[in-house]
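[1] The amino acid sequence is not available; the structure is as follows:
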Ligand SMILES: Nc1ncnc2c1ncn2[C@@H]1O[C@H](COP(=O)(O)OP(=O)(O)OP(=O)(O)O)[C@@H](O)[C@H]1O
């Protein structure tokens, strides 16, 4: 079962400059909210706060909830929130299969279980048989699908996407976008998407949150 991703009274500042002011947001399961705004307005900073990656010099107050679970004080890996970035960050020294296995929770230790999950993920990514491949030999679209499947193997309860489509050219971008949103809808995941592209926002088909222009 999945739940809403809830942000309560989030205020984020850096050096006295407020980037996010008293933000309240509910992202329902199976829906996406898009975050837009000029460069430097704080989009990635907000994602980092929700994912648990925000460090000094930023100062943040407010709560992050996944359903009824307040995850604000938890480290990133215990929040149940999956993240996908512009750079897929597949480990170059690991095979595709090992990259996918990296997404699995430590509790799934059994080798056969891990192999079955990896095979299933490859099938869903339409990349069956790619276990032993070096990530460097994959196309951009294939790498993107592997990165998404690795994130999903951790069974996240919500998904944060920070410009995940921007390195792909237009046709691949459309395909991967559809792949991501179809999965998120099927898995009933709440999604927060950061993008500059109105087409991405249209594909997300939900509320658009615009962060303010940067005030120096
Ligand atoms: N380590 C840091 N020290 C000081 N200021 C920082 C630091 N990291 C980021 N900033 C500032 O924080 C603000 C928010 O940055 P952020 O990356 O969240 O913006 P963004 O909206 O995601 O921009 P872009 O669209 O260019 O990715 C920016 O004005 C940036 O200059």
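    The structure has been received and is ready for your questions. A quick note: this is a predicted structure, and the numbers were derived from the prediction, not measured.
[2] Could you list the domains of this structure?
    Following automatic domain parsing, one finds the domains of the chain at 5-80+156-210, 93-139+148-153.
[3] what about these, which gets the closest to residue 87?
    Closest approach to residue 87 among the domains of the chain (Cβ to Cβ): domain 5-80+156-210, 7.2 Å. Bear in mind the C-beta positions are built from the backbone N, C-alpha and C, glycine included.
[4] first to last residue in the closest one, what's the distance?
    By Cα to Cα, to the nearest Å, the extent of domain 5-80+156-210 from end to end equals 18 Å.
[5] Could you shift the numbering so residue one becomes 324, and keep it that way?
    In the new numbering, first residue 324, that becomes domain 328-403+479-533.
[6] Report the distance from it to the chain centre.
    Domain 328-403+479-533 sits 7 Å away from the centroid of its parent chain (Cα atoms, centre = their mean, to the nearest Å).
[7] Where does pLDDT dip in the protein?
    Low-confidence segments of the chain (pLDDT under 70): 324-325, 537-539.
[8] Can you pull the residues of it lying near the ligand?
    337, 342, 360, 362, 363, 364, 365, 366, 367, 368, 380, 537 (Cβ under 6 Å from any ligand atom).
[9] Out of those residues, which is nearest to residue 468?
    Residue 468 lies nearest to residue 367 out of these, by Cβ to Cβ, at 22.8 Å.
[10] how about CSV for the residues of the chain next to the ligand, with neighbour count added?
    Formatted as CSV, the residues of the chain next to the ligand follow (neighbours: other Cβ atoms under 10 Å):
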residue, neighbour count
337, 14
342, 24
360, 19
362, 8
363, 13
364, 19
365, 25
366, 26
367, 18
368, 20
380, 7
537, 13
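[11] What helices and strands are in contact with the helix or strand encompassing residue 522?
    In this assignment (DSSP states H and E), residue 522 forms part of helix 521-527. Helix 521-527 is packed against strand 355-359, helix 493-509, strand 514-517, with contacts defined by 3 or more Cβ pairs under 8 Å, 6 or more residues apart in numbering; DSSP states H and E.
[12] Quick check: buried residues in the helix or strand just after that helix?
    Remark: after helix 521-527, the chain's next helix or strand is strand 531-533, criterion DSSP H and E. By neighbour count on 16 or more other Cβ atoms under 10 Å, the buried set for strand 531-533 is 531, 532.
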